[in-house]
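Q: Provided below are the primary sequence and the corresponding predicted coordinates.
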Amino acid sequence: MTHPEDNPRLKKNNFDLLRLIFAGMVCLVHANELSPHTSLRWISQVLSSELAVRSFFVVSGFLIFMSYERSTSLASYADKRIRRIYPAYFAVVMLAALLMVFFSSKPPADYFFSSDWFKYIAANLVFLNFIHPTLPSLFEANRFSAVNGALWTLKVEALFYIAVPLFVFFFRKFSSAAVIVFSYFFSVTYALLMTNLSARTGNPLYADLGHQLPGQLAYFLSGAFLYYHLDLFERQAAYFLTGAALVLIADRSYSLPFLEPFALAIVVVFFGLFLYVGNFGKYGDFSYGTYILHFPIIQVLVQEGVFANNPYLYLLTAVAFTLASAVLMWHGVEKRFLARSSHYIANSQKAAQ
């Protein structure tokens, strides 16, 4: 199994920029979907949060397998992953639980001593957001009452991190291509089965299950495949990209579920590696903060009727508050927990010089 560690494209890439773009897409789509403003409906016609999340998983597949291969031990790998994802996740769960008291219709004593408040914290801190997504008497008049509906992907992401060492074990025992192809087809088959069961029974639970770990695995492993076979991708990039473009165009009219994940991965990784636009992450990585903070911010703006008569000022306010909060989250929480070996720390030090 080859490791393309010496490839210069791995040192200079656009993945930080792409992740911020994907997080921004999700933020804009949710700003529309959570609001009552019909004039913003065009956003969901132009942008797709589902596409953005799938692209996130592609980037994670590429970078997380690379992180594991570069780690000196399983403990080192686990330490890096926990430092990167959990401190900010913990912060956003606890900040919501504490600060939303100002927007709840319950008095503080009833809010903090409600069993729903403790259930929210307990469920969300262990990534089980679906068990208890709401806080006491909050967002009850909004289109959705969930405090942070974007956090469901973090459960999937965490499970991906846990699965990576197991996948690499099988990669080394057999071959990365064989294991990835088998797991890829299993993932797509599972997702199709859940979708069909949902349609036949009318039970949305099956559709929700189809969006969980096995159903998203094809995107994650497509990113992994392109990492392990980067030399092949680089040599045949034009053929890969042309084929991917044709698949994605055809998929808009005729569903191609067994080809779409890999085609999307090709396009995402191509733009991540082959059209370098500069060190976009030198001032920090604000994509994670944007992703995990935007939903509760939008929910508060909608509940409080901020710019209720001006949808575009509402949208601008949602985006501005989200970006400002993401910057604060990066400097106040995320960066402080990263290891000194993190490329973000190195980039920050260079930017400061």
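A: Noted; the coordinates are in hand.
Q: packing partners for the helix or strand containing T317?
A: Element membership of T317, judged by DSSP states H and E, is helix 311-329. Judged by 3 or more C-beta pairs under 8 Å, 6 or more residues apart in numbering; DSSP states H and E, helix 311-329 is in contact with helix 15-33, helix 74-99, helix 287-303. All C-beta atoms are positioned from the backbone trio N, CA, C, and that covers glycine.
Q: which stretch among those comes nearest L241?
A: Smallest distance to L241 across the helices and strands packed on helix 311-329 (C-beta to C-beta): 15.7 Å, for helix 15-33.
Q: who's in contact with the closest one?
A: Residues outside helix 15-33 that contact it (C-beta atoms under 8 Å, 6 or more residues apart in numbering): 40-41, 43-44, 47-49, 51-53, 55-56, 59, 62-63, 143, 149-150, 268, 271-272, 277, 280-281, 285-288, 290-291, 294-295, 298, 314-315, 318-319, 322.
Q: and of the helices and strands packed on helix 311-329, who's closest to L338?
A: helix 74-99 (5.7 Å).
Q: show me which positions of that closest one end up buried.
A: Residues of helix 74-99 classed as buried: 77, 80-81, 84-85, 87-89, 91-93, 96-97 (neighbour count, 16 or more other C-beta atoms under 10 Å).
Q: could you redo those residues as JSON lines and give each row pLDDT?
A: What follows is the buried residues of helix 74-99, written out as JSON lines (pLDDT from 0 to 100):
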{"residue": "Y77", "pLDDT": "96"}
{"residue": "K80", "pLDDT": "94"}
{"residue": "R81", "pLDDT": "94"}
{"residue": "R84", "pLDDT": "93"}
{"residue": "I85", "pLDDT": "95"}
{"residue": "P87", "pLDDT": "97"}
{"residue": "A88", "pLDDT": "97"}
{"residue": "Y89", "pLDDT": "97"}
{"residue": "A91", "pLDDT": "97"}
{"residue": "V92", "pLDDT": "98"}
{"residue": "V93", "pLDDT": "98"}
{"residue": "A96", "pLDDT": "97"}
{"residue": "A97", "pLDDT": "97"}
